[in-house]
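S.K.: Just need the structure, nothing else, for what follows:
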Amino acid sequence: MCFYLITDTRFESLVKVLGNDEVFILPAVCLRELPIERRGVGREAEFISTKCGLESNKCAKYLSALMSLGLVSKEHPYGEKASKKSIYKLEDFMFRFWYRFVFPNMSAIIAGLGEAVYDHEIDRQLNAYMGLIFEEICKQWLFEMAKRDALPFFVGSLGRWWGSNSATRKQEEIDIVATRRDDALFAECKWTNANVDTVVYDELRQRSGMFHYGNRHLYIFAKKAFSERLLKLAYEERAVSLFCLPEMIETLEGGQG
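M.R.: As a prediction, the model looks like this:
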């Protein structure tokens with residue numbers, strides 16, 4: 001079993017949370033194995049305790065302590081607070097990067113193979129890792145647009161949704177969902193070097209159809225650009241709003257001052 005010792009001021013907070021009779025070390029696997037991409041599976045605390053080799057009650061205590069420090073949060077599908085389809089996720093991006101890339105390759109890094117680790121282990125996974133980060137960027141951008149009253153309706157909360165499609169009996173996921181009365185916003189966030197094409201729009205339209213709102217507003221966010229077909233569709237049919245990262249940054253900078 002590998003352990004990680006919290007050495008900053010959050011360690012003092014952890015001591016207060018767990019009590020003086022606790023051993024103040026957190027199993028690193030508990031952080032590394034948080035099932036960020038196991039949406040819809042359920043019983044995540046049990047899954048984590050099994051992966052950590054800890055008793056479920058002790059694992060629950062660790063998770064509770066980590067949540068109290070803001071390092072971990074418990075997420076439900078948007079609009080389903082009572083759902084059992086919850087997941088635990090790392091909130092601290094430094095911890096996400098550390099346990100995704102650094103911790104598993106520590107021996108090689110210490111041996112001076114840091115550049116090789118990047119070339120062979122990190123580089124090929126970076127786009128997948130950045131996908132979750134890009135979702136957070138898009139959420140923040142939408143909140144900023146809400147402050148400027150630049151969205152189709154007031155957005156006070158938003159989040160991811162995942163669950164079963166009763167029509168296809170498949171597990172589906174939507175990166176961002178926001179609702180208010182008879183309005184709903186559905187968004188996909190694509191962190192890829194390729195141009196985002198109409199297939200993403202088709203999937204988003206199909207998935208949004210699972211929700212019964214009078215006004216459905218579709219958004220697609222991209223790292224770089226969109227295909228000509230998707231741009232034409234968005235312009236001629238006004239069916240979807242498209243934003244790439246450079247445009248998002250430009251919009252934010254244009255509102256400063």
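S.K.: May I ask you to name the longest helix in the chain?
M.R.: Criterion DSSP state H: the longest helix present in the chain is helix 126-147.
S.K.: Pull out the buried positions in it.
M.R.: Applying a neighbour-count criterion of 16 or more other C-beta atoms under 10 Å, one finds 131-132, 134-135, 137-139, 141-142, 145-146 buried in helix 126-147. The way it works is simple: take the backbone N, C-alpha and C, and place the C-beta from them, glycine included.
S.K.: try stretch 235-252
M.R.: Under 16+ other C-beta under 10 Å, the buried positions of stretch 235-252 are 240, 242-245, 248.
S.K.: export the buried residues of helix 126-147 to TSV and tack on distance to residue 81 and pLDDT?
M.R.: Listed next are the buried residues of helix 126-147 as TSV, based on distance: C-beta to C-beta, whole Å; pLDDT from 0 to 100:
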residue	distance to residue 81	pLDDT
131	25	90
132	22	87
134	25	95
135	20	94
137	25	95
138	22	97
139	18	96
141	25	97
142	20	97
145	25	96
146	21	96
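S.K.: Going by distance to residue 62, which of those residues wins?
M.R.: Distances from residue 62 to these, taken as C-beta to C-beta, are shortest for residue 132 (22.4 Å).
S.K.: and for stretch 74-84, what are the contacting residues?
M.R.: Here stretch 74-84 makes contact (C-beta atoms under 8 Å, 6 or more residues apart in numbering) with 39, 42-43, 67, 85-89, 158-163, 177-179.
S.K.: Whichever of the residues you listed end up buried, select them in PyMOL.
M.R.: Typed into PyMOL, the line below selects the buried ones among the contacts of stretch 74-84, using 16+ other C-beta under 10 Å:
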select buried, resi 39+85+86+87+88+89+158+159+160+161+162+163+177+178+179
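S.K.: Of the contacts of stretch 74-84, which belong to strands?
M.R.: Secondary structure from DSSP state E places 87-89, 159-163, 177-179 of those in strands.
S.K.: For residue 62, see how far away residue 157 is.
M.R.: The gap separating residue 157 from residue 62 is 28 Å, by C-beta to C-beta, to the nearest Å.
S.K.: Could you check which of the two is surrounded by more residues?
M.R.: A count of neighbours by other C-beta atoms under 10 Å puts residue 62 above the other of residue 157 and residue 62, at 23 against 11.
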